[in-house]
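>>> Please find the sequence and the predicted model below.
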Amino acid sequence: MVTRLTADADKIRTVLIRHGRRTFVHWTPASAVPSILEHGLLCRRELEARGLPYEPHGYGRAGKEDDFAGHVCLGFLPHWGMMRHETGPSAVLDIRASVVTTEGTFYCPDNTARNDYDFAEVSSWTSAQHLDDLFEGPTDYKSANYQAEIWVPDGIAVDDIPTVWFRSEEDRDAVVTAMGPLADSLPQTVEFGVRRSTFPESLPVATVDEDGLR
């Protein structure tokens, strides 16, 4: 995946180092993991252009999804509130923090779906200072608002996804089974982990049957 660095890239790297931030996260239905690890984590516009299926989600108001269709959303923490609305199991991807140096990445201090942000305005919040303002303090690892968002244009390469987290070994094993031969061709840098504390307790367990991963 070809990306261009923002003019603020060096300053952004300095902010990440000062806060000790090496990864951000993206949560997704577990059923999407095989496609993500084959094609990368793609924005909705790119998924549609390639004819790849995906699970749509709400953006807060009608038409807003078109504004954000060219970006992928990352967070400091998984959005448990949204995850609890899922009818199937979820996965959480660790994303290398270096992706936020991509030109066109913007930083929002709150949940864009729950606030009536003007896209033209929020998409202009692209500087190292805008990123720095998301954090709780000058050297804090945490964000000031747990729902702060980072929007990266186009998509994220598989090489920038070091870990995929699952709530249980059953969920992890179901995804690996669904991936079939693809699992053996993944970059060695991708790991599958189990960390229950990352997930709400109410999520269903993944299963694989003749209809695929559920």
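Arrived safely.

>>> Only C-alpha atoms from now on, for both contacts and neighbour counts.
Fine.

>>> Next, the residue nearest in space to the middle of the chain: phi, psi?
Geometric centre of the chain, nearest residue: residue 26, 2.3 Å, by CA atoms, centre = their mean. The phi and psi values for residue 26, taken as degrees, to the nearest 10, are phi -140, psi 130.

>>> was I right about it contacting residue 97?
No - counting by CA atoms under 8 Å, residue 26 stays clear of residue 97, with 11.7 Å between them.

>>> who's in contact with the residue nearest to the centre of the chain?
Shown in contact with residue 26 (CA atoms under 8 Å, 6 or more residues apart in numbering): 73-75, 78, 92-95.

>>> Identify the bridge partners of it.
When bridges are called by DSSP bridges, residue 26 pairs up with residue 93.

>>> Give me the distance between it and residue 76.
Per CA to CA, to the nearest Å, residue 26 is found 9 Å from residue 76.

>>> what do you get for residue 94?
Residue 94 is 10 Å from residue 76, by CA to CA.

>>> which neighbours do these two share?
Common neighbours of residue 94 and residue 76 (CA under 8 Å, 6+ apart) are 24-25.

>>> still on that earlier bit, I'd like to know which of the contacts of residue 26 has the lowest per-residue confidence.
Here the lowest pLDDT out of the contacts of residue 26 sits on residue 78, with 88.

>>> Phi first, then psi, for that residue.
Reported as degrees, to the nearest 10, the phi and psi values for residue 78 are phi -60, psi 150.

>>> Now it: closest residue in space, sequence neighbours ignored.
residue 27 (6.0 Å; CA to CA, 6 or more residues apart in numbering).

>>> Next, count neighbours for the one you found.
22 (other CA atoms under 10 Å).

>>> wait, what's in contact with it?
78-79, 83, 90-93.

>>> could those residues go into CSV alongside neighbour count and distance to residue 114?
Formatted as CSV, the contacts of residue 27 follow (neighbours: other CA atoms under 10 Å; distance: CA to CA, whole Å):
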residue, neighbour count, distance to residue 114
78, 22, 16
79, 19, 12
83, 20, 15
90, 25, 21
91, 26, 22
92, 24, 21
93, 25, 23
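
>>> Out of those, which two sit at the greatest distance?
83 and 93 (13.5 Å; CA to CA).

>>> now, which of the contacts of residue 26 sits nearest residue 46?
For those, the nearest to residue 46 is residue 73 (14.0 Å; CA to CA).

>>> Show me the contact partners of the helix or strand hosting the closest one.
Using DSSP states H and E, residue 73 falls within strand 71-75. By CA under 8 Å, 6+ apart, the residues outside strand 71-75 that reach it are 24-26, 41-44, 147-156.

>>> Okay, and which of these map to helices?
Per DSSP state H, helices hold the following members of those: residue 44.

>>> Now list the buried members of the contacts of strand 71-75.
Buried members of the contacts of strand 71-75, scored by 16 or more other CA atoms under 10 Å, are 24-26, 41-44, 147-156.

>>> So in this protein, where's the weakest helix or strand by average pLDDT?
strand 208-209 (a mean of 52; mean pLDDT, DSSP states H and E).

>>> Going by residue numbers, what spans are strands in the protein?
In order along the chain, the chain carries the following strands (DSSP state E): 23-29, 41-42, 71-75, 90-96, 106-108, 149-153, 155-156, 163-166, 191-194, 208-209, 212-213.

>>> Switch the ones you listed over to JSON lines; also include distance to residue 143.
Output for these, formatted as JSON lines (distance: least, CA to CA, whole Å):
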{"stretch": "strand 23-29", "distance to residue 143": "11"}
{"stretch": "strand 41-42", "distance to residue 143": "23"}
{"stretch": "strand 71-75", "distance to residue 143": "9"}
{"stretch": "strand 90-96", "distance to residue 143": "16"}
{"stretch": "strand 106-108", "distance to residue 143": "11"}
{"stretch": "strand 149-153", "distance to residue 143": "10"}
{"stretch": "strand 155-156", "distance to residue 143": "22"}
{"stretch": "strand 163-166", "distance to residue 143": "21"}
{"stretch": "strand 191-194", "distance to residue 143": "24"}
{"stretch": "strand 208-209", "distance to residue 143": "37"}
{"stretch": "strand 212-213", "distance to residue 143": "34"}
